[in-house]
Each structure stands twice: as structure tokens, then as C-alpha cells.
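Visitor: Sequence and computational prediction follow.
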Amino acid sequence: MHRSRFISMSLIKNIVFFCILLNYINLKAQQIDSLKQVLKNAKHDTVRCYILSLMIENEPDEAAWPEYNSQLKKIAEQNLKSGTNSKRLQHFYSKHLANTLNDEAYSLINIGDIESALELYHQSLNINQSLHNKVGMSITFNDLGTIYFNQGEVKKAQEYFEKSLSLQHEVCDKLGEANSLNNIGLTFKAVGDLSKALIYYNKSLVLLKEIGNKASEAVTLSNIGSAYNVLNDDSKSMLYLNKAIALQEEIKDKSGISATLNIIARLLEKQGKYNDALNYATRGLAISKELGYPENISENAIILKKIYHHQKNPVKELEMYELYVQMKDSITSEKNRRSSIRSQFRYEYEKMAAADSVRISEEKKITDAQLKQEKTQRFALYGGLALVAFFAAFMFSRFRVTQKQKNIISQQKEEVELQRHEAEFQKELVQEKQKEIIDSINYARRLQNAILPPTDYIKKHLSDNFVYYKPKDIVAGDFYWMHICEDKVFIAAADSTGHGVPGAMVSIVCSNALDKAVKEFSLTDTGKILDKTRELVLETFSKSGEEIKDGMDISFLCIDKQLSKITWSGANNHLCYIRKNENGVAELVEVKGDKQPIGNSDNRKPFTTHIIDFEKGMMCYLLTDGYADQFGGSKGKKFKYKQLKEVLLQNCYLELAEQKEVLNTHFQNWKGNLDQVDDVTIIGIKL
């Protein structure tokens, strides 16, 4: 329930984004489904009350939440009638019963049954007063004030709004204070005291800006604009109304947009701009009819009647007048006005009856004490019975002590049981949410794996290779990429900003940009490909309107099989290759990439294309920084590139599968019991 207390590879990548969006849209429905499952397994009424309260608050379907409210009310009433609960549990169930009465009253208002709604509000108020529940009382006072205001009983409405404001100030409820200040401003406006109305509106506006509540801030801005409209200050009126409608459109508040459009239409009608006024009023009426709010429809209809009168369109004028009368009758029927008065009398009578009951109880206590004193005096005359009376009093005292101890133990057991049930409920809820998150991330991992080039695809074009790929989390910021263009094989090891889910999202943007640079722009020079990739990544991130410094580091290799030629370019990452020197001894050569990322950076320059002599049997290694940056060893230090190059050189004669196993063994032994600090990617290719 939502209510305010205030008046191909590229195809697969697209699927990833769609799934994430769909997951967000279904979040509310999943939350209700999760709560239903937890409710089904709940073993204690206190846990059921917590769950049903959450379901009422989060249910988006206005037709569904009243059923949850009925279930919660039934549980609370049954436990209160049993009379077997401790004082704490009695307080707990009473508070929930008061809340259900408030929510039931709200649903009755929506169908026009004001009389029944008022009766329920006063029942809720009585319960909250007995519990000294100031928050609950303030909410009910505000709701009652709203009903009386809509019935035209402005003075009584103001009294309730001021009671609500006083309690909200006591419990430091700033949003509640702001709403009550705004409502009091409305009552002053209703009686023509616009100077006081503006004072209260502006007090409300200060609080709303402080807490950042845009929905209520928009309503208050609209009310200020309306007040200046009545004061004939058209410039200020239009200023505040434009501010209001900008906020309402930002948060998609259709009801607020309808009301503000109507006020602007009134202002334009007063200025004689009838065509512009008709445009605003017609838009407002369409939204009001969509929402089905009688108050808004009534306001829109009456201004449209005036506009059509000015435009000399009697048919439309009559149509709007009939709509206005129809809506007004449903809001301000005489039956509802009489029910408000009867309910108020009933509430005052119940208060007086309660006070009389307390007075009678006190008088009875005094009378009982007097009778007890006389009885004691009579017993004093019977000396023979004095010893018996003393013994009886002693035994009775011991009995009371024993009973009190039993009651304390029983209450403590109930409180422990209640706390245990609350803990179980929270645990079940956390486990359910954790499972949903893990399932979503695991699904994202399967999608990300589908984006990576398959092992068979790599082996088909590079028969002797290995890919050592070890993400830090379930999904990774590291990725590897491959593309075949005639006799050219492009392959890369890339490290996107971050790791986990954020890193994975950046990796999709960067992988997509690489695809475009090669496939759509038909580039084959590795340096120019990286230049174009950087341009595309920056273009994508610029659409957000914010400065984003995410991107990637990359080691990018091109093998031209026809020309037996190797070209390579790098962004922060390096290339290592091993070949035999003049003496036939294997040596490792490191080619350093440009010190700039694929992304936003200062002093950007074109990427360098390195040409490397092709030798059959030479080893090439593309790598990211995750392996070298891993902490471990006896002193908990980084592995570093120097040690990594030694491992590569010492094992370059092994088969590629064995080299991969050696790298993994070294990594695990070095890491030990420490956490992995980053994603790891190393690609080995034997030419």
C-alpha cells in the first residue's frame, strides 16, 4: 500500500542490459512474493504481524492490501481477547490494531463512506491515547483534520492539524511537522488570511528542503503559488507554480501535476489568456480522470466551465458544470457532514465516560479502604482470633510473592520467545534476500561467460594457447576478447575499472566498443583501434551527463598469419614475449604500453603501434595487473612483475596446459589464506 499522509555477441550484450532492467522492475513484486513465503512459514503471531505490516506498506496493488490489513486486524483482536499475553505483548497487539483501524478508515474514505471512516479513526485514536503512542495519535489527528477540512469545517480541521503538529514536534518527526504546517496554511487560506497562510507554507518549505522530500515540497510550492494568485501577484504566482510542476514532473506525481495545471489555468483565465488556460485545464482534467480523484476532477471542471463561458461555447460550459456538480455531490453530501458531527459527539462522550469511570474507581478505592479499616478494628476486638489473622496474612503474603515470581518468570519467557521469533524472522528475511541477490549475480555470470570467446573458438585460430582467467568475485571486470578478420587474428586481455558487478558493467561497454572499432569502422592497426575504442567509450559515458572516469587497461595483439607479422598496442598493460637469442638461450622481452587508459584522462595522445619480429615457436603473453598485485608470501607482500616474468621464463619450455597449471599453483601458494585482491587474466600464445 502506498499512501501519503499529505493533501549475436552484440545481441547477448543487449540481453544483459535488458535482464538487469527487468530485474529492477520486478523488485517490488519479488519482495511481496518473498514476504508471502516467509509468512507461510512463520510460527508465531508476532512474526506474522511484522510480515503483514511490511506487505501492507509495500503492496503496489490498491485492491490487494486491504486483505492483508484484515488478516492483521484479526490476529491482533484474537490475541487481545485471549487475555493470556504479557503487558508488552498486549501493547504490541494494541498498536497493530490501531494501525489496522487507520488503514481501514483510509480505504473507506476512498469509496466515500465518511461516517464509517470517522468512527474507525476515533477508535484508533482511543487506543493510541491509552498506549501513549504519540506517533500514532499524530497520524490520526492529521487524517481527521483532513476529513473535516474537506467537509468545510475549517476551524475544527485546524484544531486537529495543530494537535498533530504539537505531537510531531515532540517526537522529532520533521516530515510530519512540514505536512501539518502546510495543512494549517491551507486552513488560513480557506478563511482568507493569506498572510498567515504564507507564513506557515514557508515554514513547511524550509523543513521539506532540509529533509529532501520533493513530493511534499512540490505541493507546498503549488500552495504558495496559489496564495499569490489570490493576492493578484501574478509574477510570483507563476514563479512558484513553475517550480512546483517541475518537481512533480521529475518525480512523476500525476495527482500533483493535475492540481498545479488547474491552478495555472485559473491564473491564465484571470489574465484573459483563454486559449492557454484551456490547454492547461484540459491536460489537468485528463490526468484527474485517469486517476479517478473526485476533488481534482471537480476543480478542473469548474475552471473549464469559466473558460468555455468566455469562449462562448455553451454546450461545453454546461457539460463541465454538470461534471462539477456530480463530483461536488460525492464529496460534500449532507449525510457525510452529519456523520462527522455524530462521530465527534461520540468521541467526546467516550472521553467523558472514561473520565467518569476513573472518578468512580477512585471513590470506590476510598470506600474500600474505609471498610477495610473498620473491619480491622472489629477484628481487634476478638483477641482470640488475632493470632489466626496474623498467620493468615503471613501465608497470603507468601502466596502473593510466589505468584509474583511466577508471573515475572512467565513474562521473561514470553519476552525471550518474542525476541527469538523476531530474530528468526529477520534471519529468514535476510537469507531470502541474499539468495535472490546471489541468484541474480550467478545469472549475470552465465551471461558474461557467454560474451567471452569460447575455448574451441580460440583454439581453432590459435592452436597452441592457454587462457588463465580467475575473477575475484562471481562476475569480473577483467575480460578477454577475440576477433578474426581474414588472415588477421586480434586478441586482447583487458582490465576494466573495478571488479564484481560494477566492473562487469564497464567491461560490457568496453567490449562493445572494441567490436564496433573493428567491425563497423574496419580498422586493423592496433593503435588506431584503441584510439577509436577510447572515443566510443567516452561517447557512451558522456550520455549520463556526469563526468565518468571509468574505462579499461588493455594488452591488444594482432597476428597477421599471411604476412607473418605481429603488431601490438597497450593501455597501461604490457606485452611479454620469449624468443631465443643469438646463443640459442631463451630470453624474455617486455614491451610497455602507453601510460594512459581507454577512458577519460589528462593529456590524451594516440596509442603507439609496436611492430614485433615474427619467429615460429616464440611465446607471447598478454596479461592484466591482477596476478602481479596479489598480496601473499611469508611477509604478505605483492607478487610483482619481476617475479611473474621469472616464472614465465623458467616454464616457457613446458606445454601450454602445463604452463597454465604452474601459474595457478604459484598463485595459490603465494596467496595462501589471504583474499584475492583483483581479477586475474593471463593469455599465453605459442606461434
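Guide: Done, it's in. Numbering: from 1, shown residues only.
Visitor: was I right about Ile127 contacting Asn99?
Guide: No. With contacts counted by Cβ atoms under 8 Å, Ile127 stays clear of Asn99, the gap being 9.4 Å. For the C-beta atoms, the positions are set from N, CA and C on the backbone; glycine is no exception.
Visitor: what sits in contact with each of these two?
Guide: Common contacts of Ile127 and Asn99 (Cβ atoms under 8 Å, 6 or more residues apart in numbering): Gly136.
Visitor: can you list the domains in this structure?
Guide: Taking automatic domain parsing as the domain assignment, the record places the domains of the chain at 383-421, 447-686.
Visitor: For Ile245, which of those domains is the nearest?
Guide: In terms of Cβ to Cβ, the element of the domains of the chain nearest to Ile245 is domain 447-686, at 21.7 Å.
Visitor: still on that earlier bit, hey, which of the domains of the chain is tucked in deepest?
Guide: Between the domains of the chain, domain 447-686 has the highest mean count of neighbours, a mean of 18, where neighbours are mean count of other Cβ atoms under 10 Å.
Visitor: Give me the mean pLDDT for it.
Guide: Confidence over domain 447-686, taken as the mean pLDDT, stands at 90.
Visitor: Please apply the same query to stretch 147-159.
Guide: On average, the pLDDT along stretch 147-159 is 90.
Visitor: Also stretch 119-136?
Guide: For stretch 119-136, the mean pLDDT works out to 89.
Visitor: which other residues reach it?
Guide: Stretch 119-136 is touched from outside by 91, 94-95, 97-99, 101-102, 104-105, 108, 137, 140-141, 143-144, 147, 167, 170-171, 173, 343, 346-347, 350, with contacts defined as Cβ under 8 Å, 6+ apart.
Visitor: which secondary structure elements does whatever helix or strand Ile263 lives in contact?
Guide: In this structure, Ile263 is located in helix 254-270 according to DSSP states H and E. Helices and strands touching helix 254-270, as assessed by 3 or more Cβ pairs under 8 Å, 6 or more residues apart in numbering; DSSP states H and E, comprise helix 214-230, helix 234-250, helix 274-291, helix 294-310.
Visitor: Can you dump the C-alpha atoms of it in PDB for me?
Guide: This file holds the C-alpha atoms of helix 254-270, laid out as PDB (Å, rounded to 0.1, in the frame of the first residue of the first chain):
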ATOM      1  CA  LYS A 254       0.300  12.700 -11.600                       C
ATOM      2  CA  SER A 255      -2.100  13.900  -8.900                       C
ATOM      3  CA  GLY A 256       0.100  16.900  -8.100                       C
ATOM      4  CA  ILE A 257       0.600  17.700 -11.800                       C
ATOM      5  CA  SER A 258      -3.200  17.800 -12.300                       C
ATOM      6  CA  ALA A 259      -3.700  20.100  -9.300                       C
ATOM      7  CA  THR A 260      -0.900  22.500 -10.400                       C
ATOM      8  CA  LEU A 261      -2.100  22.600 -14.000                       C
ATOM      9  CA  ASN A 262      -5.500  23.600 -12.700                       C
ATOM     10  CA  ILE A 263      -4.000  26.500 -10.600                       C
ATOM     11  CA  ILE A 264      -2.000  27.700 -13.700                       C
ATOM     12  CA  ALA A 265      -5.200  27.500 -15.800                       C
ATOM     13  CA  ARG A 266      -7.000  29.700 -13.200                       C
ATOM     14  CA  LEU A 267      -4.200  32.300 -13.300                       C
ATOM     15  CA  LEU A 268      -4.200  32.400 -17.100                       C
ATOM     16  CA  GLU A 269      -8.000  32.700 -17.200                       C
ATOM     17  CA  LYS A 270      -7.900  35.600 -14.800                       C
END
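Visitor: All further residue positions should be reported with the first residue as 29.
Guide: All right, first residue 29 from here; so that's helix 282-298.
Visitor: Return the distance of that helix from the chain's centre.
Guide: Relative to the chain's own centre, helix 282-298 is displaced by 31 Å; criterion: Cα atoms, centre = their mean, to the nearest Å.
Visitor: Name the residues that touch that helix?
Guide: The set of residues that contact helix 282-298 without belonging to it, under Cβ under 8 Å, 6+ apart, is 243, 246-247, 250, 253-254, 257, 262, 265-266, 269, 272-273, 276-277, 302, 304-306, 308-309, 311-313, 315-316, 318-319, 321, 324, 327-328, 331-332, 334-335, 338.
Visitor: what does stretch 678-696 give?
Guide: Under the contact criterion Cβ under 8 Å, 6+ apart, stretch 678-696 has outside partners 492-496, 498, 606, 614, 616, 647, 655, 658, 667, 675-676, 708, 710, 712, 714.
Visitor: Please apply the same query to stretch 567-584.
Guide: Outside of stretch 567-584, the residues within contact range by Cβ under 8 Å, 6+ apart are 518, 520-526, 534-535, 537-538, 540-541, 554, 557-558, 562, 565, 596-603, 621, 625-629, 650-653.
Visitor: rerun that using 6 Å as the cut-off
Guide: Contacts with stretch 567-584, where a contact means Cβ atoms under 6 Å, 6 or more residues apart in numbering, come from 520-525, 534, 537-538, 554, 565, 597-601, 603, 625-628, 650.
Visitor: ok so, going back, can the helices and strands packed on helix 282-298 go into TSV with extra columns for mean pLDDT and distance to Asp73?
Guide: Formatted as TSV, the entries for the helices and strands packed on helix 282-298 read as follows, by pLDDT from 0 to 100; distance: least, Cβ to Cβ, whole Å:
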stretch	mean pLDDT	distance to Asp73
helix 242-258	88	35
helix 262-278	88	42
helix 302-319	88	37
helix 322-338	86	39
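Visitor: Just tell me which of these ends up closest to Ile587.
Guide: Between Ile587 and the helices and strands packed on helix 282-298, the tightest spacing by Cβ to Cβ is seen for helix 262-278, at 52.7 Å.
Visitor: Report the buried residues of the closest one.
Guide: Buried residues in helix 262-278, counted by 16 or more other Cβ atoms under 10 Å: 265-266, 268-269, 271-273, 275-276.
Visitor: And for stretch 174-185?
Guide: Judged by neighbour count using 16+ other Cβ under 10 Å, the buried positions of stretch 174-185 are 174-179, 181-182, 184-185.
Visitor: Equivalent analysis for stretch 467-475, please.
Guide: For stretch 467-475, the neighbour count (16+ other Cβ under 10 Å) marks 468, 471-473, 475 as buried.
Visitor: what does stretch 299-316 give?
Guide: Using 16+ other Cβ under 10 Å as the test for burial, stretch 299-316 gives 302, 304-309, 311-313, 315-316.
Visitor: Export those to JSON lines and append columns for distance to Ser662.
Guide: Formatted as JSON lines, these follow (distance: Cβ to Cβ, whole Å):
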{"residue": "Tyr302", "distance to Ser662": "86"}
{"residue": "Asp304", "distance to Ser662": "80"}
{"residue": "Ala305", "distance to Ser662": "82"}
{"residue": "Leu306", "distance to Ser662": "83"}
{"residue": "Asn307", "distance to Ser662": "78"}
{"residue": "Tyr308", "distance to Ser662": "76"}
{"residue": "Ala309", "distance to Ser662": "79"}
{"residue": "Arg311", "distance to Ser662": "73"}
{"residue": "Gly312", "distance to Ser662": "75"}
{"residue": "Leu313", "distance to Ser662": "78"}
{"residue": "Ile315", "distance to Ser662": "70"}
{"residue": "Ser316", "distance to Ser662": "74"}
